[in-house]
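[1] quick one: sequence and predicted model below, then my questions.
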Amino acid sequence: MNTKPQFGNDVETRHERFETDSYGEVYIVGDVHGSRNILERLLTELELADDDLVVFVGDLVRKGPDSPGVIDIVREDSRLVSVRGNNEQKIVRGDKDPGWLRDGDREYFESLPVAISFDDVLVVHGGVDPRRALTDHTVEELLTMRSPHGDGYDGPFWYDDYDGPYRVFFGHTVHEHPVEREHAVGLDTGCVYGGTLTAYDYRNDEFLTVEAKTHQERANSKIVDPA
């Protein structure tokens, strides 16, 4: 299947489609949360060529020590693209006004797509409701989806019942290690909480991880074991 996902108008204007034939290696990377040094280590390990593509699942910023540094790395390299995460959305809405915010940062977050797709892949920050069509999803739902018919980190999680048709790559919900299901791949492995920063190598179907440092503590009840 290589059909472009269809969304409602509000999301569709914030949906970006890529054709992977134009790229060499393709990677999808989990939540960075301002951990610039860890991101730099991961990018060094990837040894990107000029025609490679790296797609981030959002939450580039907040919680970690150097959000501006992460913004600059992603914004200044045309090979690096990101969907908007809920932490970027909080700044766009004005709910959060971090002291590091510079001229142009909020506008950059506003410019980020809510969804990126290629081949049969859909990249969003939060996830999708398996009981509803994509056309019925709002921007906010795609950014914050976790357990639409459950109770937050107590689950059940949206990916437990999701069976396609798209293979959804997502972040937002912190896991002990990557979620790897037929139609769902979770990449938030707690980079800012002392876990790892995870990348998925799309061409070779394998995960690459870099050990991270603890910049914030997190309760065990809010770190999911995907098993």
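    Alright, I've got the coordinates.
[2] pull out the buried residues from the longest helix along the chain.
    For the chain, the helix with the greatest residue count under DSSP state H is helix 36-46. Under the neighbour-count criterion of 16 or more other Cβ atoms under 10 Å, helix 36-46 has 36, 38-39, 42-43, 46 buried. Just so you know, the C-beta spots here come from the backbone N, C-alpha and C atoms, and that holds for glycine as well.
[3] any regions of the protein where pLDDT drops low?
    Residues of the chain meeting the criterion pLDDT under 70: 1.
[4] let me see the ranges of the strands in it.
    15-17, 26-29, 53-56, 80-82, 115-118, 121-123, 167-170, 179-180, 184-186, 196-201, 206-211 (DSSP state E).
[5] include mean neighbour count and distance to Pro5 when you put these into CSV, please.
    As requested, the strands of the chain are exported to CSV (neighbours: other Cβ atoms under 10 Å; distance: least, Cβ to Cβ, whole Å):
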stretch, mean neighbour count, distance to Pro5
strand 15-17, 15, 7
strand 26-29, 22, 16
strand 53-56, 23, 15
strand 80-82, 21, 17
strand 115-118, 23, 5
strand 121-123, 25, 5
strand 167-170, 24, 10
strand 179-180, 16, 20
strand 184-186, 25, 14
strand 196-201, 22, 19
strand 206-211, 15, 24
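[6] which one of the buried residues of helix 36-46 is nearest Ser22?
    Leu46 (18.1 Å; Cβ to Cβ).
[7] for the closest one, list the residues it contacts.
    Residues in contact with Leu46, defined by Cβ atoms under 8 Å, 6 or more residues apart in numbering, are 25, 27, 52, 54, 199, 208.
[8] farthest pair in those residues?
    Pairwise over those, using Cβ to Cβ, the maximum falls at Asp52 and Leu208, 13.1 Å.
[9] where do the contact lists of those two overlap?
    In contact with both Asp52 and Leu208: 27, 46, using Cβ under 8 Å, 6+ apart.
[10] what does the residue nearest in space to the middle of the chain show for phi and psi?
    Nearest to the geometric centre of the chain sits Val57, at 1.3 Å (Cα atoms, centre = their mean). Phi and psi for Val57, reported as degrees, to the nearest 10, are phi -90, psi 10.
[11] need the nearest residue in space to it, chain neighbours excluded.
    Distance criterion Cβ to Cβ, 6 or more residues apart in numbering; nearest residue to Val57, sequence neighbours excluded, is Gly171 at 3.7 Å.
[12] my read: the one you found touches Arg84, true?
    No. Assessed by Cβ atoms under 8 Å, Gly171 is found out of contact with Arg84, at 11.2 Å.
[13] now do the same contact list for Leu187.
    Leu187 touches 28-31, 57, 169-171, 178-179, 198-200, counting by Cβ under 8 Å, 6+ apart.
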